[in-house]
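Engineer: A structural model of the following input is requested.
(one chain, ligands or ions: 1)
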Amino acid sequence: MPISTPLFCADSARRERAAQLAERYALPLVRQRPSSGYWLEMGFERLELVTTGKHGAVYAEFAEGAARHRREQGGGRGQPVAKAIGLKGHPGEMRVVDATAGLGRDAFVLASLGCQVTLVERSPVAAALLDDALDRASVAPDIMEIAARMTLVHADAIRWLVALPAEARPDVVYVDPMFPETGKSAAAKKDMQAFQQVIGDDLDSGALLAAAIAAARGRVVVKRPRLGAAITGIPPSACLEGKSTRFDIYSIKALVSAGKRAE
Ligand SMILES: C[S@@+](CC[C@H](N)C(=O)[O-])C[C@H]1O[C@@H](n2cnc3c(N)ncnc32)[C@H](O)[C@@H]1O
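Structural biologist: From the prediction side, this is the model:
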């Protein structure tokens, strides 16, 4: 069980919002800036995960930086993730559950492609960072329309998917779990290293895959490092490789015809 991460408000004008987030995600609101470990800091601009150590601040961001670059230059419907979810040829608006929302980068790409995305995140720290970024995005003229297609749910996706009523089942469940670090992934981006420290590894991805397969109407897509192992259990029906990423695709139609899932 990860230790609970404190939230410190560094800007008096943001006190009310900090208190709201602390209550919503059961984070201890502290009056003094911690002097060690990791904590969430609410500043004038945004909420950040910070530390006294060598890691830089971690925050979710949809309007600027990498998210903006990807939105403007990312290749639209031709990019591998669009192919992996089967966007082309899908009638109407696609409903996607991102069962491992993290900092929402993949969810934002999917929403930019026109999907309705439910972001499920169990970590209170990640959920608070997402809540803050969605709040900022909802008033940013360039992306408010995209943000309106994103809905945050703070829950364990395994239980949440199991409890989903039939009429709410999504076309696609997207899964990108945090795997234990190997030598090769040690060079993973700094923010994910900080994240890994605070959130810990996702050791139950087999159960998440099973819940995702039971809930999806069309397919489950699992994002992995290009050379990473697949989630153990049911083998994927297809794989789509990008430069550094691989998408393992579990087609529900194929699983139903192989008798591995009920219709
Ligand atoms: C590798 S990160 C995902 C990064 C994300 N795809 C992005 O673009 O920012 C994995 C995240 O999934 C969350 N997670 C893992 N298993 C989960 C579950 N069963 N339910 C909800 N969240 C889960 C973790 O807390 C972590 O924040």
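
Engineer: and residue 148, how many neighbours?
Structural biologist: 13 (other C-beta atoms under 10 Å). C-beta: built from backbone N, CA, C; applies to glycine.

Engineer: now residue 46
Structural biologist: Residues lying near residue 46 (other C-beta under 10 Å) number 17.

Engineer: Could you list which residues are in contact with it?
Structural biologist: 59, 61, 132-133, 136 (C-beta atoms under 8 Å, 6 or more residues apart in numbering).

Engineer: One more pass at 6 Å, please.
Structural biologist: 59, 132 (C-beta atoms under 6 Å, 6 or more residues apart in numbering).

Engineer: Can you check the pLDDT for it?
Structural biologist: Residue 46 is assigned 97 on the pLDDT scale.

Engineer: which other helices and strands contact the helix or strand hosting residue 256?
Structural biologist: Using DSSP states H and E, residue 256 falls within helix 252-257. In terms of contacts (3 or more C-beta pairs under 6 Å, 6 or more residues apart in numbering; DSSP states H and E), helix 252-257 is packed against no helix or strand at all.

Engineer: What's the mean pLDDT across that helix?
Structural biologist: The model assigns helix 252-257 a mean pLDDT of 95.

Engineer: How about residues contacting that helix?
Structural biologist: When contacts are defined by C-beta under 6 Å, 6+ apart, helix 252-257 is touched by residues 216, 218-219, 237, 261, 263.

Engineer: Near residue 61, how many residues? Count them for me, please.
Structural biologist: Residue 61: 19 surrounding residues under other C-beta under 10 Å.

Engineer: and it, backbone torsions?
Structural biologist: As for residue 61, its main-chain torsions (degrees, to the nearest 10) stand at phi -150, psi 130.

Engineer: swap in residue 119?
Structural biologist: Torsion angles, degrees, to the nearest 10, at residue 119: phi -100, psi 110.

Engineer: next one: residue 143
Structural biologist: Dihedral angles for residue 143 - degrees, to the nearest 10 - are phi -130, psi 0.

Engineer: That one touches residue 137, doesn't it?
Structural biologist: Yes - taking C-beta atoms under 6 Å as the definition, residue 143 is a contact partner of residue 137 at 5.2 Å.

Engineer: list the residues that contact both of those two?
Structural biologist: Here residue 143 and residue 137 share the contacting residues 62-63, scored by C-beta under 6 Å, 6+ apart.

Engineer: Leaving out the residues flanking it, which one is nearest to residue 100?
Structural biologist: Closest residue to residue 100 apart from its sequence neighbours, by C-beta to C-beta, 6 or more residues apart in numbering: residue 176 at 4.9 Å.

Engineer: Oops, could you answer that again for residue 74 instead?
Structural biologist: Using C-beta to C-beta, 6+ apart, the closest residue to residue 74 is residue 109 (6.8 Å).

Engineer: hang on, residue 197 in a strand?
Structural biologist: No - counting by DSSP: H, G, I helix; E, B strand; the rest coil, residue 197 is not part of a strand but helix.

Engineer: Over to residue 78: give its phi and psi.
Structural biologist: Taking degrees, to the nearest 10, you get phi -90, psi -10 for the backbone angles of residue 78.

Engineer: sorry, back to before: what packs against the one helix or strand the residue nearest to residue 74 maps to?
Structural biologist: Using DSSP H and E, residue 109 maps to helix 105-112. On a contact count with 3+ C-beta pairs under 6 Å, 6+ apart, helix 105-112 meets strand 116-121.
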